[in-house]
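>>> sequence? don't have it. structure:
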């Protein structure tokens with residue numbers, strides 16, 4: 001099963017970073033958030049990726065074209081670039097990455113429709129290029145296979161916009177700065193779709209995944225929810241990026257399921 005990752009948006013709310021690179025390339029630690037997402041899937045054996053490119057897509061192409069050189073020691077014979085000796089080893093040797101230009105101005109639904117030609121299997125996975133979590137991908141796929149609907153969406157608990165606290169006799173006894181909410185679920189990405197999902201999409205640049213396609217699937221009773229009660233965090237703002245970097249530096253990153 002292939003994993004499709006939407007990486008074409010402009011990330012305007014993270015302008016401090018995205019003025020120079022696409023949002024999936026902003027770094028948690030020394031690796032792009034896109035790499036972290038791919039590592040989550042790869043940990044469960046899903047290593048065939050399709051990256052939907054748009055805004056500054058050349059930066060993502062360059063990253064993967066130069067992946068071996070940027071992540072290993074190597075020796076090069078000057079004057080003959082064919083003689084390059086890689087000295088180290090990384091755990092991504094068996095990844096297969098398709099980099100697909102889907103248009104800088106395309107909406108999310110359009111981007112997915114444009115990569116339909118790369119999907120040969122009966123179903124595929126889809127996520128956004130800016131959200132990490134400790135989602136059990138194996139259980140997600142089992143859940144999707146357990147029903148006969150076209151799509152499965154992972155519902156997650158978002159971070160609260162404000163700090164939450166517990167009060168007893170007007171005294172604050174517990175305070176959490178922007179914790180995850182306990183009740184509401186939102187679209188966290190990490191979808192699984194059957195190929196019939198492509199019939200809900202158009203190649204028109206205005207096709208927004210979260211609008212008519214998903215709304216129509218809901219109306220037709222073809223979208224199921226996989227609830228995820230664990231950690232999930234998107235990278236929409238610089239403060240959220242800082243939070244993930246703090247967790248990574250503290251070796252307290254719940255989404256890190258690989259060695």
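Thanks, I have it. This is a predicted model, so every value here is computed, not measured.
>>> all strands of the stretch 1-150 of the chain, in order?
3-7, 27-28, 31-32, 48-53, 74-77, 80-86, 96-101, 123-128, 131-133 (DSSP state E, counting those that start in this stretch).
>>> any idea which of those strands scores lowest on pLDDT?
Comparing mean pLDDT across those, the weakest is strand 80-86, with a mean of 79.
>>> ok, it: who's next to it in the sheet?
With DSSP bridges as the test, strand 80-86 is paired with strand 74-77 (antiparallel).
>>> which residues touch the strand it pairs with?
Contacting residues not belonging to strand 74-77 are listed as 68, 83, 84, 85, 86, 87 [CB atoms under 8 Å, 6 or more residues apart in numbering]. All C-beta atoms are positioned from the backbone trio N, CA, C, and that covers glycine.
>>> quick check: beta-bridge partners of the fifth one?
Read it as residue 86. What pairs with residue 86, by the bridge criterion (DSSP bridges), is residue 74.
>>> my read: it touches residue 70, true?
No: with contact defined as CB atoms under 8 Å, residue 86 does not count as touching residue 70 (11.4 Å).
>>> residue 31 versus residue 135, what's the distance?
If you measure residue 135 against residue 31 using CB to CB, to the nearest Å, the figure is 19 Å.
>>> who has more neighbours, these two?
A count of neighbours by other CB atoms under 10 Å puts residue 135 above the other of residue 135 and residue 31, at 25 against 14.
>>> and the more buried one, how far from residue 102?
Taken as CB to CB, the span from residue 135 to residue 102 is 24 Å.
>>> one more: residue 242?
Counting by CB to CB, the gap from residue 242 to residue 102 is 30 Å.
>>> neighbour count: these two, which is higher?
Neighbour tally, residue 242 and residue 102, criterion other CB under 10 Å: the higher count belongs to residue 102, 24 against 11.
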